[in-house]
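Participant: Have a look at this prediction, sequence included:
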Amino acid sequence: MSSADETPAAAVTSAADTSSSLEAEKVIVLRCCDGEEFAVAVPVARKCGTIRNMIDDDCVDGGVPLPNVGGPAMARVLEYLNTKAAAATGGAEEAAAAANTKGFEKGFFEKMNKEALFDVILAANYLNAEELLDAAMLCAADRITGRTVAEIREFFGLENDFTPEEEVEIRKENSWAF
């Protein structure tokens, strides 16, 4: 194989490397509904499907408005995504070790109260951050495991709109669940 044959492949490889390194250095601004702004590296932002689509459509130059996400929830989302991104790229050894274990997620969600967890679930859903949404939903499921129907209603803020007679009938029809 001649050196002329090797040059085009090398040029393609270096162009791809340059493109990905430029993206890694680029930062976009995310604007939350409460006015809080976050400067985020593009590779981290791309972990959210909603933002990834905007990046792909070249709609991020003036910043990305997030009308359904508040600042505190976005801060938590970015904490999660940055830690996971550091682990994936072999970043800081501590971050990589923490993110590669269930201990990171357990600790991340344990420090959240119910309202913060719900805000993260809503934000992850809106942003289409699938890995975070799955982990947050699993945490919510763990928090209601072993609770009574009344406790679960209270946890989710649901009102019981069944009459006592309807509730007896439902319990009879679905005795396996109670």
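Facilitator: The structure has been received and is ready for your questions. Residues are numbered from 1 along each chain as shown.
Participant: Got the phi and psi for Thr163?
Facilitator: Note on Thr163: backbone dihedrals following degrees, to the nearest 10 are phi -80, psi 160.
Participant: measure it to Glu130 for me?
Facilitator: The spacing between Thr163 and Glu130, counted by C-beta to C-beta, to the nearest Å, is 40 Å. (C-beta placed from N, C-alpha, C; glycine too.)
Participant: more neighbours, the two?
Facilitator: Glu130 (13 against 9; other C-beta atoms under 10 Å).
Participant: For the more buried one, which residues are in contact?
Facilitator: Glu130 makes contacts with 49, 124, as judged by C-beta atoms under 8 Å, 6 or more residues apart in numbering.
Participant: what about it, distance to Gly49?
Facilitator: Glu130 is 7 Å from Gly49, by C-beta to C-beta.
Participant: Just give me the neighbour total for the closest residue to Arg46 other than its chain neighbours.
Facilitator: Among residues not flanking Arg46 along the chain, Arg52 sits closest, at 4.6 Å (C-beta to C-beta, 6 or more residues apart in numbering). Neighbour count of Arg52, defined by other C-beta under 10 Å: 16.
Participant: Ile152 now?
Facilitator: Neighbourhood size, Ile152 [other C-beta under 10 Å]: 13.
Participant: Can you classify it as helix, strand or coil?
Facilitator: On the three-state scheme (DSSP: H, G, I helix; E, B strand; the rest coil), Ile152 is labelled helix.
Participant: That one and Gly146 touch, don't they?
Facilitator: No: contact criterion C-beta atoms under 8 Å: Ile152 and Gly146 do not qualify, at 10.1 Å.
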